[in-house]
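# Sequence first, then the predicted structure:
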Amino acid sequence: MKLFIQTLGCAMNERDSAHIIAELQHKKHYTLTDNAKEADLILINTCSVRQKPEQKLFSEIGQFAKEKKQGAKIGICGCTASHLGSEIIKKAPSVDFVLGARNVSKITEVIERPKAVEVDIDYDDSTYVFQSPQTMGIKAMLNISIGCDKQCSYCIVPFTRGKEISIPQDMLIKEARKLVANGIKELLLLGQNVNHYGVRFSHTHPKTNFTQLLREISKIEGLQRIRFTSPHPLHMDDEFLEEFACNPKISKSIHIPLQSGSTRILKMMARGYSKEWYLDRIAKLKSLVPDVGIGTDIIVGFPTESDQDFEDTMEVLSIVEFDTLYSFVYSPRPHTRAFEYDKSMLVDARVAKERLARLQNAHKQILTRKAQAEIGNLHSVLIENHKDSDGECWSEGRSDTNKLIRIIGEKAPIGSICQVRVVKNDGGSLFGEIIDSCDKEEK
Ligand code: 5AD
Ligand code: SF4
């Protein structure tokens, strides 16, 4: 039996897809194919955070229905599945089942039930999330919580993924140990609000929090790096920032969603912090880790956003100088508070597009400047990939601050950490040379 799976959206969806694949491989002996035409099961793991991918879903279903081999099933999973539920089957009768983002562990069950719709957002999936893929490489993702307790006024996620539940700490440690014993060197901890970890469990649980979880996971021998996404700026207390700075296993790269630089807009978004709070946390972080890599998400054109509000966002961009930026034009989503706003509050689409372009251009300039300033810098690079064939020889990996660096002429072992000096910047792509001996791979 062959499985074709298409995954859209965030890291959480990628992790859910990995879980679905593993369940189907282990329990139903499916193998993966990247050709939908030969698949026995076609899955689309969807995202509903913005409107466009959701609109595209039905034309995609139509295409797959035309191409699929006779008897093959089509299943729709993820946030759009949770959002639209049985409407999907009504609108697209070629769909065999619908499986919500909170219900991924039921995959082997729903494939056997014609027209099944499993989208319960109260379903406690938190102890089933660990089914691991067979081939893992050196990196793995680990869900530490499911759902989201915030109610940001633009965001559909609390509606599609339900209330936040943390996964018991001892389960996480056990799973992390297992992954490391299987060769994993880097763990990416996932949650909608990772630093809200520990606030609610399904059963009684000793008091804990995200900082404590980080401390415990970092004790695992053989684990080299811990990353996480995403923390919420509101919960970035000093204890957390100090652990981030001082714990050598925690990667010095962090994604801190800003959403807007205007305190007025942040209030309307119900983010719970101000521009000043955000900048204060960044200042504290940079004072502890001067070369920290910082990423963010920004929405432009939120209802009523004025030129001045947007200038506040531009100001935060120029102060923080983000290393990565995911930026979006506001997209109204049903089941959110902002969806109820009067039409007159909406920002003109052309204005929003222009703001997005200005933001992205300013960010491009920041990146160009930062890449040039990298020349001569030293980094610990965890080797993820290498090649020594067809006349090409290189190794590639990421620095502690999450910069991708290619080392030409060296085939360093995958999973090793090398000290690398940046020697060239080619339009933002960094090249380096190994300055500290790391074992060359036996030929
Ligand atoms: N419109 C535009 N962007 C959105 N995001 C979430 N909801 C919306 C929306 N309605 C963005 C946020 C979030 C990221 C995953 O998607 O920036 O952090
Ligand atoms: Fe959405 Fe806000 Fe929850 Fe993030 S914190 S998933 S933006 S509601």
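Received, thanks. Residues are numbered from 1 along each chain as shown. Ligands and ions are numbered 1, 2, ... in the order given.

# Just the element for residue 239, please.
Residue 239 belongs to helix 238-246 when elements are defined using DSSP states H and E.

# Partner strands of the helix or strand immediately after that helix in the chain, with direction?
Per DSSP H and E, helix 238-246 leads on to strand 253-255 as the next helix or strand towards the C-terminus. When pairing is defined by DSSP bridges, strand 253-255 lines up against strand 293-300 (parallel).

# In PDB, list the C-alpha atoms belonging to the strand it pairs with.
The C-alpha coordinates for strand 293-300 follow below in PDB (Å, rounded to 0.1, in the frame of the first residue of the first chain):
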ATOM      1  CA  GLY A 293      19.700  34.900  16.100                       C
ATOM      2  CA  ILE A 294      16.200  36.300  16.300                       C
ATOM      3  CA  GLY A 295      13.300  35.400  14.000                       C
ATOM      4  CA  THR A 296       9.700  36.800  14.000                       C
ATOM      5  CA  ASP A 297       6.300  36.800  12.500                       C
ATOM      6  CA  ILE A 298       4.600  40.100  11.500                       C
ATOM      7  CA  ILE A 299       1.100  40.800  10.200                       C
ATOM      8  CA  VAL A 300       0.600  44.100   8.300                       C
END
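
# what mean pLDDT does it have?
Mean pLDDT, computed over strand 293-300, is 98.

# ok, is that strand in contact with ligand 1 or not?
Yes: with CB under 6 Å from any ligand atom as the criterion, ligand 1 is reached by strand 293-300 at 297, 299. (Glycine included, C-beta is placed from N, CA and C.)

# In three-state terms, label the residue of the stretch 251-400 of the chain found nearest ligand 2 for me.
The nearest approach of the stretch 251-400 of the chain to ligand 2 comes at residue 257, 6.8 Å away (CB to the nearest ligand atom). Following DSSP: H, G, I helix; E, B strand; the rest coil, residue 257 is assigned to coil.

# That one touches residue 232, doesn't it?
Yes: using CB atoms under 8 Å, residue 257 makes contact with residue 232 at a distance of 7.5 Å.

# Which other helices and strands does the helix or strand hosting residue 314 contact?
In this assignment (DSSP H and E), residue 314 forms part of helix 307-320. Here helix 307-320 touches helix 263-269, helix 275-288, strand 293-300, helix 349-373, going by 3 or more CB pairs under 8 Å, 6 or more residues apart in numbering; DSSP states H and E.

# Which of the residues in the helix or strand following it are classified as buried?
For helix 307-320, the succeeding helix or strand toward the C-terminus, using DSSP H and E, is strand 324-329. Neighbour counts over strand 324-329 (16 or more other CB atoms under 10 Å) mark 325, 327, 328, 329 as buried.

# In contact with residue 47, which residues are there?
Going by CB atoms under 8 Å, 6 or more residues apart in numbering, residue 47 touches 8, 9, 10, 13, 53, 54, 78, 79, 80.

# and what of residue 100?
Neighbouring residues of residue 100 by CB under 8 Å, 6+ apart: 77, 78, 81, 82, 85, 118, 119, 120, 121, 160.

# Hmm, residue 329 is touching residue 356, no?
Yes: with contacts counted by CB under 8 Å, residue 329 reaches residue 356, the gap being 5.4 Å.

# what about the closest residue to residue 264 other than its chain neighbours, how many residues close to it?
Distances taken as CB to CB, 6 or more residues apart in numbering place residue 309 nearest to residue 264, at 6.2 Å, with adjacent residues excluded. Residues near residue 309, counting by other CB atoms under 10 Å, number 21.

# For residue 409, give its distance to ligand 2.
Using CB to the nearest ligand atom, to the nearest Å, residue 409 is found at 43 Å from ligand 2.
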